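*Asks:* My questions are about this predicted structure, shown below with the sequence.
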Amino acid sequence: MTAEVKKVFHSVLSLTPNERAFLAHLLIHSLEQASSEDNEKQWLELAEKRFLELKSGQVKGVSWDAIKKSVRTTHLYT
């Protein structure tokens, strides 16, 4: 834990339980929001990459039925 985090933590301890709970909620929400935005960007980049690979013929698509069959077969032997 950095000195700054320790300082903030000890400062937060002086708040009421309701204030600390509200602050915790805000902090968690800020992580979820940042994570969600980052995840969305990463999924978009991956989708664009996969689309270009399919369009160029670099990779071939697989049917949903083939995927399900592969999963069932794989899980039977693991």
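*Replies:* That came through fine.
*Asks:* Can you tell me how far residue 42 is from residue 61?
*Replies:* 21 Å (Cβ to Cβ, to the nearest Å). C-betas here are computed from N, CA, C, even on glycine.
*Asks:* Over to residue 41?
*Replies:* 24 Å.
*Asks:* This protein: helices as residue ranges?
*Replies:* Using DSSP state H, the helices found in the chain span residues 3-12, 17-56, 64-76.
*Asks:* With mean neighbour count and mean pLDDT added, can I get those helices in JSON lines?
*Replies:* Supplementary listing: the helices of the chain in JSON lines, determined by neighbours: other Cβ atoms under 10 Å; pLDDT from 0 to 100:
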{"stretch": "helix 3-12", "mean neighbour count": "10", "mean pLDDT": "92"}
{"stretch": "helix 17-56", "mean neighbour count": "10", "mean pLDDT": "88"}
{"stretch": "helix 64-76", "mean neighbour count": "9", "mean pLDDT": "80"}
